[in-house]
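S.K.: Build me a model:
(one chain, ligands or ions: 2)
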Amino acid sequence: MAARAQSTTPVRKVPIHLQSAQNRLLIKNGKVVNGDGIQDADVYIEEGIIKQVGNNLIVPGGSRLIDARGKYVIPGGIDTHTHLQLPFMGTTTADDFYTGTRAALAGGTTTIIDFVIPSKGQSLIEAYKQWRERADEKVACDYALHVAVTWWSPEVQQEMEELCRDHGINSFKMFMAYKDLWQLDDTELFEAFERCKQLGAVAQVHAENGDIIKENCKKLLAAGVTGPEGHEMSRPEEVEAEAVNRACVLANQVNCPLYIVKMTGAGSARLLADKRGQGLIVYGEVTAAALATAAQCDMGSWSHGAAYLTSPPLRPDPETPQILMDLLSSDDLQLTGTDHCTFSSAQKEMGKGDFTKIPNGVNGVEERMSLIWEKGVVSGKMDPTRFVAVTSMNAAKIFNMYPKKGCIAVGSDADIVIWDPKLEHTISAATHHSAVDFNIFEGITCRGGPEYVIANGRVTVDEGQVKAVQGYGSFIPTSPFAPFVYEAVTEREKVHQLIKVEREGRIVAVRNTMVPVVPQATSNGEALELNLSSVNGGEEVVAAADHHFASHQHFTRPPTSSGGRNMQDTTFSLSSEYPNPADESDNKRSTIRVKAPPGAILPACGSRSNTR
Ligand code: URP
Ligand code: ZN
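M.R.: Ligands and ions are numbered 1, 2, ... in the order given. Just a heads-up that it's a prediction; the model follows:
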């Protein structure tokens, strides 16, 4: 972690002619780490772009040389979840787009993705423009935007399209919590997922059941529970897990790619892993706070408890951070953000006497990279390539910034961190770069941190000294239909086509519900009979498959040559394992016999390996 900047006065944008001396950089002798491999190579940068990666590079004279011997050369971090200058719960976050992005750079993050959150009834485009105005003049690093859908109407649907088409937005967040403020109901959620799918966007959800939370808060306050501990009590893990499950089910009905933001419960994260195993296109984000702090929540003091208060809440079980880190290491969770949303101790005091009024949010934008290195790499759970995958590459792929961001390759933006695995730093509010007066990671020592941070070719952390420049960063427009996401969606769609089954002149078209099959064992424990709805004399009928039925159970695919699940070919046949309709005594019903061991879960169509 870089040392504290001497002054908090923003440094103005450096005129381009003064930047030129820094425009040519040669990073020598380092280990270049991408999400898919490590190589010993030098990196040459010019005008903000990586021009060469390799050995024995021929570069122009006058280039600045940085010796990275014994260090890793990694892509700058991408924080997928920040709230800078957010008006929320009657106040505005302590960090604005300058102090927040300066803190990001100090910790090795060179791109943030913030959330436009329109108020209920507000035009999405108008809110987007407000955010652009706030951010453009202040950001010290690059940024992109997600847009929250906080209300639902035909105008909102229209504006979602406009945002994707004209304004560089490819993700929309829907809240299942914050009832009466931002929450959508299930019908709205379903329609929003449908809309995201049409537009090629990624649907994000804040997964907590807002209806339950509202009722629990009333009960707790009535029972005299007014302190910050009431927050977690009002929204225990199952309240998160229920919403995760519901969001997955709804999104799956329309084959919409889903992204669950800032998961904090181990049960929710495991549930998401199961859904992925069943073939759903769903991604899980976890925050630095959830990976590093549960055991530190000391509810003994009001201000301490209030400082850690965020939604979904950090869980009291001290095992949770390690479980989440395990899941992140094994690709059951895919990427990390911070939900950096800071409020000072004085702002938190707004909720003295009523925990529902404590502004929700914690820090993390500066600490995320070092904490994940410490808890993930130093602990032996992940190697440096996985570290890069979860701190930048996967985010760049999901939000369609790859390979411009999240990658060290010729043509990529020169967003690079020289990561020193020997650097040791103890986190403290006394030395951090955020404007907030408290640090939830206070006292944690991280081994490993950024010695140099290069953003768009400019050295913004130089031997540990932060040299952020206000307004230096740019807005990064993101296009819809990210190949990483939508190729999987298209593949999944292919195997979920309507399937016509012909029997003696009658056709039954079976709709695939995209629901994983949980077969019911029969009394002899060997077979399962599933009834389709009626077939009538010789006409084509679309049979509404009941919830037990998913036609992908017929597709027993041989593995691909590489051993992965075969998404294309099928051994589908109406073989003798299906009853001959001529044998049926009741001609009005069609029966399919499916072989399944008792209690087995049949493979879901479109299950993919964890490379997605
Ligand atoms: O708890 C937090 N961070 N509140 C900010 C809004 C949100 O939930 O993302
Ligand atoms: Zn958030």
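
S.K.: How about the closest residue to ligand 1 within the chain, nearest residue that isn't a chain neighbour?
M.R.: Nearest to ligand 1 in the chain, going by C-beta to the nearest ligand atom, is residue 360, at a distance of 3.2 Å. Every residue, glycine included, has its C-beta placed from N, CA and C. In space, and not counting its chain neighbours, residue 360 is closest to residue 311: 4.8 Å by C-beta to C-beta, 6 or more residues apart in numbering.

S.K.: Let me see the contact set for that neighbour.
M.R.: Neighbouring residues of residue 311 by C-beta atoms under 8 Å, 6 or more residues apart in numbering: 177, 206, 208, 231, 235, 360.

S.K.: Among those, which ones are in strands?
M.R.: Judged by DSSP state E, strands contain the following of the contacts of residue 311: residue 206.

S.K.: What is the neighbour count of the residue of the chain closest to ligand 1?
M.R.: Using other C-beta atoms under 10 Å, residue 360 is surrounded by 21 other residues.

S.K.: contacting residues for it?
M.R.: 88, 89, 309, 310, 311, 341.

S.K.: check the residues you listed against ligand 1, which are close?
M.R.: By C-beta under 6 Å from any ligand atom, the members of these lying near ligand 1 are 88, 310, 311, 341.

S.K.: By neighbours, which of those residues wins?
M.R.: residue 341 (26 neighbours).

S.K.: before we move on, back to that, which one of the contacts of residue 360 is nearest residue 28?
M.R.: Nearest to residue 28, judged by C-beta to C-beta, of those is residue 341 at 39.3 Å.

S.K.: circling back to that earlier point, you'd agree the residue nearest to residue 360 is in a strand?
M.R.: No: Residue 311 is assigned coil when assessed by DSSP: H, G, I helix; E, B strand; the rest coil, not a strand.

S.K.: got a pLDDT number for it?
M.R.: pLDDT for residue 311: 97.

S.K.: And for residue 595?
M.R.: In this model, residue 595 carries a pLDDT of 27.

S.K.: what are the phi and psi angles of the closest residue to residue 354 other than its chain neighbours?
M.R.: Nearest residue to residue 354, sequence neighbours excluded (C-beta to C-beta, 6+ apart): residue 226, at 5.6 Å. Dihedral pair for residue 226: phi -120, psi -10, per degrees, to the nearest 10.

S.K.: so how far is residue 360 from residue 226?
M.R.: Residue 226 sits 16 Å away from residue 360, taking C-beta to C-beta, to the nearest Å as the criterion.

S.K.: same check, this time on residue 68
M.R.: Distance, residue 68 to residue 360, by C-beta to C-beta: 40 Å.

S.K.: try residue 276
M.R.: In terms of C-beta to C-beta, residue 276 sits 28 Å off from residue 360.

S.K.: Then residue 396?
M.R.: 28 Å.

S.K.: Same question for residue 443.
M.R.: Applying C-beta to C-beta to residue 443 and residue 360 gives a distance of 23 Å.

S.K.: Let's test this: mean pLDDT of stretch 154-173, rounded?
M.R.: 98.

S.K.: Quick check: which ranges of the stretch 451-600 of the chain have low pLDDT?
M.R.: 508-600 (pLDDT under 70).

S.K.: Point out the residues in it that sit beside ligand 1.
M.R.: So the stretch 451-600 of the chain never meets ligand 1 (C-beta under 6 Å from any ligand atom).

S.K.: So the residue nearest to residue 90 when sequence neighbours are not counted: helix, strand or coil?
M.R.: Spatial nearest neighbour of residue 90, chain neighbours left out: residue 350 (6.5 Å); criterion: C-beta to C-beta, 6+ apart. Classification of residue 350 using three-state DSSP returns helix.

S.K.: Enumerate the positions of the longest helix anywhere in the chain that are buried.
M.R.: Looking across the chain with DSSP state H, the single longest helix is helix 237-253. Neighbour-count burial for helix 237-253, counted by 16 or more other C-beta atoms under 10 Å, picks out 237, 239-248, 250-252.

S.K.: Now for the residues you listed: which two are most distant?
M.R.: Largest separation among the buried residues of helix 237-253 by C-beta to C-beta: 237 and 252, giving 22.1 Å.

S.K.: which residues touch residue 85?
M.R.: By C-beta under 8 Å, 6+ apart, the neighbours of residue 85 are 92, 93, 95, 96, 97, 100, 134, 135.

S.K.: Could you do residue 138 as well?
M.R.: 10, 96, 97, 98, 101, 470, 471.

S.K.: where along the stretch 251-400 of the chain do the helices fall?
M.R.: 266-277, 288-292, 302-307, 320-329, 345-348, 368-372, 384-388, 394-398 (DSSP state H, counting those that start in this stretch).

S.K.: repeat for the stretch 1-150 of the chain
M.R.: 16-19, 97-106, 124-136.

S.K.: what would these look like in a markdown table with mean neighbour count?
M.R.: Output for those, formatted as a markdown table (neighbours: other C-beta atoms under 10 Å):
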| stretch | mean neighbour count |
| --- | --- |
| helix 16-19 | 10 |
| helix 97-106 | 30 |
| helix 124-136 | 17 |
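
S.K.: would JSON lines of those helices with distance to residue 407 be doable?
M.R.: As requested, these are exported to JSON lines (distance: least, C-beta to C-beta, whole Å):
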{"stretch": "helix 16-19", "distance to residue 407": "24"}
{"stretch": "helix 97-106", "distance to residue 407": "19"}
{"stretch": "helix 124-136", "distance to residue 407": "24"}
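
S.K.: between those helices, which gets nearest to residue 456?
M.R.: helix 16-19 (9.9 Å).

S.K.: List the contacts of the closest residue to residue 83 other than its chain neighbours.
M.R.: Spatial nearest neighbour of residue 83, excluding adjacent residues (C-beta to C-beta, 6+ apart): residue 341 at 3.9 Å. Contact analysis of residue 341 by C-beta under 8 Å, 6+ apart lists 82, 83, 86, 88, 93, 310, 360, 361, 362.

S.K.: Quick check: residues of the protein near ligand 1?
M.R.: Close to ligand 1, as judged by C-beta under 6 Å from any ligand atom, the chain has residues 83, 88, 206, 310, 311, 339, 341, 360, 361.
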